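Asks: predicted structure and sequence below. I'll ask about it afterward.
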Amino acid sequence: MSSRSARLARAVRLALRDAADPSKARGMQAYMKSAMPYRGVQAPVLRAAVKAVFALHPLESFAEWRDAVLALWREARYREERYAAIEVIAWPKHKHFRTLDALPIYEEIIMAGAWWDFVDAIATHQLGELLRQYPREVAPVLRRWAVSEDIWRRRAAILAQLGFKRDTDLDLLYDCIRPSAGAGEFFLRKAIGWALREFSKTDPTEVIRFVREHDHLLSPLTKREALKHCTSQARSRQAKRNRG
């Protein structure tokens, strides 16, 4: 590890220690059902603390960035240090490091994190960003993840296009949803509902069609989530057509 990577990781840990509120730590740990303890640094405080560190400890290469991320992730003693690793990834000045070479880092966080807070942060931001930049390379990876035995890879594949709106690749979305459509796992059923609900804001008619076609597979939870906004969206679209 480079000296810059080590200094940043060390400075982040110190900043989190200084920002800690131990009275909040047990509640945060209980809420997240985490085996790893918390220091008691809530999200807005954490982001402010680590951004100040990043400004003082710039990273100059992909290798330095990767090493800083993995040092915070792998050596974490408190869950906030893992959140800080994701903040290192997401820092706007690090955008040029977020290339296809970063995909193994994201996969490690998804598989080792194995919980919704880590997985969703990577899937809905960094994984989606990679898909936009490198669709030909990333789409086949997501299709493989969608049939993985690991539920968190599956969840990440389902959520990767969250917020894509009209840029959504529907074939890819459905290829990622279908293998888990009949799954009993809550985190997969919830992810499918969430992904469909978000796309319903763009095309409610299509989401209604998909849910009806797969009604026998989708759980009540998934259908409820998917269709939550469809009626009002469809009415609004019809009203606009009528006015036109």
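Replies: Nice, I can see it. Numbers count the residues shown, from 1 in each chain.
Asks: any stretches of this protein with poor pLDDT?
Replies: 1, 232-244 (pLDDT under 70).
Asks: now with 80, please.
Replies: Residue ranges of the chain with pLDDT under 80: 1-2, 231-244.
Asks: ends of stretch 113-131, what's the gap?
Replies: 21 Å (C-alpha to C-alpha, to the nearest Å).
Asks: make that stretch 208-218, sorry
Replies: 12 Å.
Asks: list of residues touching that stretch?
Replies: Residues from elsewhere that reach stretch 208-218, judged by C-beta atoms under 8 Å, 6 or more residues apart in numbering: 174, 178, 181-182, 189, 192, 196, 200, 223, 226-227, 230, 234. Where C-beta positions appear, they are placed from N, C-alpha and C, glycine not excepted.
Asks: quick one: the residues you listed as CSV, columns for neighbour count too.
Replies: Converted to CSV, the contacts of stretch 208-218 look like this (neighbours: other C-beta atoms under 10 Å):
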residue, neighbour count
174, 16
178, 15
181, 17
182, 14
189, 21
192, 31
196, 27
200, 25
223, 18
226, 26
227, 19
230, 20
234, 16
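Asks: so which of those comes closest to residue 123?
Replies: Within those, proximity to residue 123 (C-beta to C-beta) peaks at residue 192, which comes in at 13.2 Å.
Asks: residues in contact with that closest one?
Replies: Here residue 192 is in contact with 158, 177, 180-181, 218, 222, 225-226 (C-beta under 8 Å, 6+ apart).
Asks: show the buried residues in those.
Replies: 158, 177, 180-181, 218, 222, 225-226 (16 or more other C-beta atoms under 10 Å).
Asks: narrow the residues you listed to those in helices?
Replies: Among these, DSSP state H puts 158, 177, 222, 225-226 in helices.
Asks: mind putting those residues into JSON lines with distance to residue 67?
Replies: JSON lines is the format used below for those (distance: C-beta to C-beta, whole Å):
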{"residue": "158", "distance to residue 67": "30"}
{"residue": "177", "distance to residue 67": "36"}
{"residue": "222", "distance to residue 67": "40"}
{"residue": "225", "distance to residue 67": "39"}
{"residue": "226", "distance to residue 67": "41"}
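Asks: which of those sits closest to residue 151?
Replies: residue 158 (10.3 Å).
Asks: and that closest one, how far from residue 122?
Replies: Relative to residue 122, residue 158 is positioned 13 Å away (C-beta to C-beta, to the nearest Å).
Asks: near residue 146, how many other residues are there?
Replies: Neighbour count for residue 146, taken as other C-beta atoms under 10 Å: 23.
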